[in-house]
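S.K.: please work out how this folds:
(one chain, ligands or ions: 1)
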Amino acid sequence: MNEKQKKTYLRKLMREKERIFQTLGLLEKAEKEVSGKEVGGVPTHIADLGTDVFEKALEMNLSDSERKILLEIDRAIEKINKGTYGVCEVCGKSIPRSRLEALPYARNCLACQVELEKKQSETY
Ligand SMILES: [Zn+2]
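M.R.: The predicted structure is shown next:
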């Protein structure tokens, strides 16, 4: 994955994060704390949101699914920074672009995800 692609996915992840914060009405608060600076053309204010804001979000009635997605997004952003983004955590193969387009914070390729979900449903 080249730098341009990484940036594209980073933007997607930020936008998704922003959407969740917006839904929660957290964005205004967050922007007051971090004054919307930009680095390298990528608006970083959302990425810069510290644990403070995140903890506030957790204190609020953040639903489990939203909390989970936020964690997944943070994880994906971290992986972009580390250069391990887009690689399946289970089998180590590249996650297809089409899957990342649909789910930019996907951790696994589709085949592994199906396996994981099968295992999860078996434990219930
Ligand atoms: Zn896989």
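S.K.: all the helices of this protein, residue numbers only.
M.R.: 3-24, 27-33, 51-59, 64-82, 97-102, 110-123 (DSSP state H).
S.K.: nearest to E89, of the ones you listed?
M.R.: For those, proximity to E89 was assessed by Cβ to Cβ; helix 110-123 is nearest, at 7.8 Å. All C-beta spots, glycine's among them, are computed from the backbone N, C-alpha and C.
S.K.: give the buried residues for the closest one.
M.R.: Across helix 110-123, burial judged by 16 or more other Cβ atoms under 10 Å covers 112-113.
S.K.: quick one: residues in contact with it.
M.R.: The contact list for helix 110-123 (Cβ atoms under 8 Å, 6 or more residues apart in numbering) reads 88-91, 96, 99, 106, 108.
S.K.: turn the residues you listed into a markdown table, including distance to E78.
M.R.: What follows is those, written out as a markdown table (distance: Cβ to Cβ, whole Å):
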| residue | distance to E78 |
| --- | --- |
| C88 | 16 |
| E89 | 13 |
| V90 | 18 |
| C91 | 20 |
| P96 | 21 |
| R99 | 19 |
| A106 | 14 |
| N108 | 16 |
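S.K.: which ones among the residues you listed come in contact with the ion?
M.R.: 88, 90-91 (Cβ under 5 Å from the ion).
S.K.: reformat the contacts of helix 110-123 as TSV; add distance to N81 and pLDDT.
M.R.: Below are the contacts of helix 110-123 laid out as TSV (distance: Cβ to Cβ, whole Å; pLDDT from 0 to 100):
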residue	distance to N81	pLDDT
C88	18	97
E89	16	96
V90	21	96
C91	22	98
P96	22	95
R99	21	96
A106	17	96
N108	19	96
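S.K.: now the residues you listed: which count as buried?
M.R.: 88, 99, 106, 108.
S.K.: what residues does the protein put near the ion?
M.R.: Counting by Cβ under 5 Å from the ion, the residues of the chain near the ion are 88, 90-91, 109, 112.
S.K.: repeat that with 6 Å
M.R.: The chain comes close to the ion at residues 88, 90-91, 93, 108-109, 111-112, as judged by Cβ under 6 Å from the ion.
S.K.: E72: which of those is nearest?
M.R.: Nearest to E72 among the residues of the chain next to the ion: N108, at 11.4 Å, using Cβ to Cβ.
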